[in-house]
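Novice: Fold the following and give me the result.
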Amino acid sequence: QVQLVESGGGLVQAGGSLRLSCVASGRTFGSYFMGWFRQAPGKEREFVGAISWSGRSTRYADSVKGRFTISRDNAKKTVYLEMNSLKPEDTAVYYCAAGSRMVVVSTLYDYWGQGTQVTVSS
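Specialist: Model (predicted):
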């Protein structure tokens, strides 16, 4: 069992930066692939990026590639989402998720956090 808690969301102007954190409980955090997803009002949840259990492999949605970076610290049981050059269209609730594969499909992740709101003003 893994419990996930996100933090770091907030209001930022376009072009600004935020770093989201997702802290996990449970002894097997290091064996999970971790993903970040987001959901804007009236839209489906969409894949943002993911990182392998070792941290050596990452993948990103085209919409955030080059602007967002995922990293993890297994000793701290934490995964991060560094977001730069933020745009108003990045406004959404951001969720972290844990799963057994590094995939883009949200339903294939086993555990989810409660989400943290990111609002980017123009």
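Novice: check contacts around the residue nearest to Asn84 when sequence neighbours are not counted.
Specialist: Among residues not flanking Asn84 along the chain, Ser17 sits closest, at 4.7 Å (C-beta to C-beta, 6 or more residues apart in numbering). (C-beta placed from N, C-alpha, C; glycine too.) Counting by C-beta atoms under 8 Å, 6 or more residues apart in numbering, Ser17 touches 82-86.
Novice: Spatially central residue for the protein, please.
Specialist: Trp36 (2.6 Å; C-alpha atoms, centre = their mean).
Novice: Now do that one, the pLDDT please.
Specialist: As predicted, Trp36 sits at a pLDDT of 98.
Novice: The chain: strands as residue ranges?
Specialist: Using DSSP state E, the strands of the chain run over residues 3-7, 10-13, 18-25, 33-39, 46-51, 58-60, 68-73, 78-83, 92-99, 111-112, 116-121.
Novice: In a markdown table: these, plus distance to Val105.
Specialist: As requested, those are exported to a markdown table (distance: least, C-beta to C-beta, whole Å):
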| stretch | distance to Val105 |
| --- | --- |
| strand 3-7 | 18 |
| strand 10-13 | 28 |
| strand 18-25 | 19 |
| strand 33-39 | 10 |
| strand 46-51 | 8 |
| strand 58-60 | 12 |
| strand 68-73 | 17 |
| strand 78-83 | 18 |
| strand 92-99 | 9 |
| strand 111-112 | 13 |
| strand 116-121 | 22 |
